[in-house]
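I'll drop the sequence and a predicted model, then ask my questions.
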Amino acid sequence: VTCDECFAYTKPEELEAHKQAHERRRQQAAADAEFAQRLQEEEQRSAQAPPPAAPPAGSADTPYAEQVAQIEAMGFSREQALNALNSNNGNLQSALNSLLGA
């Protein structure tokens with residue numbers, strides 16, 4: 001990869017450092033694209049999965065108890081966790097996305 005700046009360097013070490021910066025940006029762009037693809041695939045899988053069954057009537061457990069615990073461990077309140085899970089049919093990934101503003 002070359003750019004207009006590549007031709008401005010007169011010292012070989014400056015040009016080499018500039019080329020290394022090009023390579024780091026290329027690698028980061030590739031990693032970002034791979035992450036975005038994996039995230040999209042996971043969201044598609046999560047969207048297709050049925051929500052977990054609610055606990056039986058009279059159970060001491062709340063709906064989505066495990067997911068609530070995971071979200072609370074990330075620093076969100078119980079109310080925030082339950083609201084996000086209820087709004088997203090119990091889908092943990094979607095609930096987290098809504099809490100994080102993604």
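Received, thanks. Numbers count the residues shown, from 1 in each chain.

list the contacts for the most centrally placed residue in the chain?
Within the chain, one residue has its C-alpha closest to the average C-alpha position: by Cα atoms, centre = their mean, that is residue 39, at 6.2 Å. Contact criterion Cβ atoms under 8 Å, 6 or more residues apart in numbering gives no residues in contact with residue 39. Heads up, the C-betas are built off the backbone N, CA and C, glycines and all.

cool, residue 10 as well?
Contacts of residue 10 (Cβ under 8 Å, 6+ apart): none.

how close does it sit to residue 16?
12 Å (Cβ to Cβ, to the nearest Å).

pLDDT score for the residue nearest to the centre of the chain?
With respect to pLDDT, residue 39 has a value of 89.

go on, residue 2?
On the pLDDT scale, residue 2 gets 74.

same question for residue 92.
Reported pLDDT for residue 92: 93.

residue 60 too?
Residue 60 carries a pLDDT value of 49.

can you give me the helices for this structure?
Assigned by DSSP state H, the helices in the chain fall at 12-48, 65-73, 78-87, 92-100.

distance to residue 2 added to the ones you listed, as a markdown table?
Output for the helices of the chain, formatted as a markdown table (distance: least, Cβ to Cβ, whole Å):
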| stretch | distance to residue 2 |
| --- | --- |
| helix 12-48 | 8 |
| helix 65-73 | 47 |
| helix 78-87 | 47 |
| helix 92-100 | 38 |
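
among those helices, which is nearest residue 4?
Judged by Cβ to Cβ, the one of the helices of the chain that comes nearest to residue 4 is helix 12-48, at 11.2 Å.

so how far is the closest one off the chain centroid?
14 Å (Cα atoms, centre = their mean, to the nearest Å).

from residue 45, how far out is the nearest residue to residue 95 once chain neighbours are set aside?
Of all residues not flanking residue 95 in the chain, residue 84 sits nearest, at 3.8 Å (Cβ to Cβ, 6 or more residues apart in numbering). If you measure residue 84 against residue 45 using Cβ to Cβ, the figure is 19 Å.
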